[in-house]
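In: no sequence on hand, only this structure:
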C-alpha cells in the first residue's frame, strides 16, 4: 500500500516534488512491492536542516544519497555505459527481493534480475539521464516515459499534483507487473526452447506450443541454433505457423525467407502454388505462413528450407 503524505514526520519514503518522471515513478512501483506500507512525501529539495529528519527514511531521486543520481559525477554506470538513475539504483538494491516476492525460483533470480535490467530498467534510466539517443533504444520505452509524463498537470490546470502522481503510479504499476510476468514467462520458456534447439533438424525447430523463442535461439551457445531458419508452432488462431528466424533480435531481415511465390497468397491460391493441401496464409513480407495441420506446416518449412 502507498499513501502520499504532506508532513515529513509522517513519511518513511522521500522523493522529489514538482514534475514527476518515469524513473522515480517506477522506483516507487518497485518499492511498493518491498515495503508493506509506504508513506511517501514529495519535496522540492532536501535542505541541510532536513538531513537529520530524513536519516531513517528511504530517500530516492533527490538528496544526493545512495538512490540519487543528480550529484556531481552521477551515481555509477553499467558496463555498457548506461548511467544509473533512481529506478536503476532501486532495482540494483531491491530487484532480487522483488523477484523473490514474485515467487521466482532461487536458481532463476540472478538471470531474471539482469534480464529485466537489460530489457527495461536501463531504458528508463537512459531516458532520464539524456542517453536515449546514444544507445540502441527501443522507441516503445521512450514512449513509456512520455506516458508517465502525460499525467503531469498542464500549465493552465489547477489540480492536486499528489493525485496526478498517484494516477501515474497506478499506470506504471500495472505495466511493470505485466512486464515482469512476461519476463518470468520468457525465462521459464527458455529451458523448453533449449530442448527444441537440441532436437531441431535440417534448419527447422518444432515447438509443441507457442512460447517466446527468438531471444533463446539468437543467444544460444548451442551450434545447432545458428542453423535454424524456421520455427514451427501451434498458432493461437488455430492451425500451425511457420515463422522465419531473424538475423538478429528486433530485425526484420530473415536468415532465410519463405518462397517469394507464396507471398500474399491464402487458401486455394496458396495451396495451388505450394502444393500443400491445408496451406492457409503467407504474409506478403515472407516471414510467416500457416497451415491447418502440423504435418503440412512442417512440409512448408521443409520446402522453404531447400528453396
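Out: Received the coordinates, thanks. These numbers were taken from a predicted model, which means no experiment stands behind them.
In: where exactly do the helices run in the protein?
Out: Applying DSSP state H to the chain gives helices spanning 22-34, 51-54, 86-101, 106-116, 122-128, 139-149, 161-199, 214-218, 267-274, 294-306.
In: mind listing what's buried in the first one?
Out: Applying a neighbour-count criterion of 16 or more other C-beta atoms under 10 Å, the buried positions in helix 22-34 are 22-34. Every C-beta, even on glycine, is put in place using the N, C-alpha and C of the backbone.
In: state the distance from residue 70 to residue 179.
Out: Per C-beta to C-beta, to the nearest Å, residue 70 is found 26 Å from residue 179.
In: my error: substitute residue 120 in the last question.
Out: For residue 120, the distance to residue 179 - C-beta to C-beta - is 6 Å.
In: could you do residue 48 as well?
Out: Using C-beta to C-beta, residue 48 is found at 39 Å from residue 179.
In: look at residue 120 and residue 179 and report which has more neighbours.
Out: Each of residue 120 and residue 179 has its neighbours counted (other C-beta atoms under 10 Å); residue 120 has more, 21 against 15.
In: hang on, residue 53 packs against residue 7?
Out: No. Using C-beta atoms under 8 Å, residue 53 is not in contact with residue 7, being 10.6 Å away.
In: compare these two (neighbour count), which wins?
Out: residue 53 (14 against 8).
In: excluding residues flanking it in the chain, which one is nearest that one?
Out: residue 8 (5.6 Å; C-beta to C-beta, 6 or more residues apart in numbering).
In: now do the contacts for that neighbour.
Out: Residues in contact with residue 8 (C-beta atoms under 8 Å, 6 or more residues apart in numbering) are 14, 41, 43, 50, 53, 54.
In: now do residue 266
Out: 280, 281, 282.
In: residue 206 and residue 242, how far apart?
Out: Distance from residue 206 to residue 242, by C-beta to C-beta: 10 Å.
In: where does pLDDT dip in the stretch 1-150 of the chain?
Out: Scanning the stretch 1-150 of the chain for pLDDT under 70 picks out the ranges 133-142.
In: tell me the confidence at the closest residue to residue 264 other than its chain neighbours?
Out: The shortest distance from residue 264 to any non-neighbouring residue, by C-beta to C-beta, 6+ apart, is to residue 284 (4.1 Å). With respect to pLDDT, residue 284 scores 95.
In: what's the local residue count around residue 284?
Out: What residue 284 shows, counting by other C-beta under 10 Å, is a neighbour count of 9.
In: just residue 132 next, same as before
Out: Residues near residue 132, counting by other C-beta under 10 Å: 17.
In: thinking again about what came up before, return the most buried member of the helices of the chain.
Out: Mean neighbours per residue, mean count of other C-beta atoms under 10 Å, is largest over the helices of the chain for helix 122-128, with a mean of 25.
In: other SSEs contacting it?
Out: On a contact count with 3 or more C-beta pairs under 8 Å, 6 or more residues apart in numbering; DSSP states H and E, helix 122-128 meets helix 22-34, helix 86-101, helix 139-149.
In: mind checking which of the ones you listed is nearest residue 197?
Out: helix 86-101 (25.6 Å; C-beta to C-beta).
In: okay, residue 256: pLDDT?
Out: pLDDT at residue 256 comes out at 96.
In: likewise the one 10 residues further on?
Out: As summarised for this prediction, residue 266 has a pLDDT of 95.
In: who does it bridge with?
Out: Counting by DSSP bridges, residue 266 is bridged to residue 281.
In: distance check, it against residue 32.
Out: Following C-beta to C-beta, the distance that separates residue 266 from residue 32 is 48 Å.
In: repeat that for residue 65.
Out: 20 Å.
In: coming back round to it: between the contacts of residue 8, which sits nearest residue 124?
Out: residue 14 (19.8 Å).
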